[in-house]
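K.L.:
Take a look and give me a structure for this.
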Amino acid sequence: MSATQTRQIFVNLPVKDLTKTVDFFTKLGFEFDPKFTDENATCLIINDNAFAMLLVEDFFKKFIKKDVCNTTTHAEAICALSAESRDQVDEIVDKALAAGGRPANDPMDEGFMYARIFEDLDGHLWEILYMDPNAMEQ
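P.N.:
Below you'll find the model as predicted:
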């Protein structure tokens, strides 16, 4: 990859009900790329270089030889997304909880960093965090 090329990331996550999942993330303010959306999958746009491919479980299984993680008892990853402020952390997580998500931990306040984690409808963990650039310089 050349120095002028920007790397993108596509996180692939299995979901049980694509319609409910799209509705959940729409309530959080996310949009989807219709070019990569059908009855098996959708592309959640995080920003210009980061995306989450949300795949119906049976379709997800076509790409792997392992079992799909049981997110009620195991965690496969924490998808961490930055926020512009502490208030935005609370706003996004509160929307997630109101849309049917579940809290996954108590808020974490390290002074320079504030974060909250929630589980989406399929038990995937999403951390929303704010890092104060002024406090980090000290």
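K.L.:
next helix or strand past the longest helix seen in the chain?
P.N.:
For the chain, the helix reaching the highest residue count under DSSP state H is reported as helix 86-98. Downstream of helix 86-98, the first helix or strand assigned by DSSP states H and E is strand 102-103.
K.L.:
what packs against the helix or strand just after that following strand?
P.N.:
Next in sequence after strand 102-103, counting helices and strands by DSSP H and E, comes strand 108-109. Here strand 108-109 touches strand 113-119, going by 3 or more C-beta pairs under 8 Å, 6 or more residues apart in numbering; DSSP states H and E. For every residue, glycine as well, the C-beta is placed using N, CA and C.
K.L.:
what does the model give residue 111 for pLDDT?
P.N.:
Residue 111 is assigned a pLDDT of 89 by the prediction.
K.L.:
now swap in the one 5 residues further on and tell me
P.N.:
Reading off the per-residue confidence, residue 116 sits at a pLDDT of 98.
K.L.:
Use 26 as the first number for this chain going forward.
P.N.:
From this message on, residue numbering opens at 26, which makes the last subject residue 141.
K.L.:
re the thing from before, flag every buried residue along the longest helix of the chain.
P.N.:
Neighbour counts over helix 111-123 (16 or more other C-beta atoms under 10 Å) mark 111, 114, 115, 117, 118, 120, 121 as buried.
K.L.:
Domains in the protein, by residue range?
P.N.:
26-87, 99-163 (automatic domain parsing).
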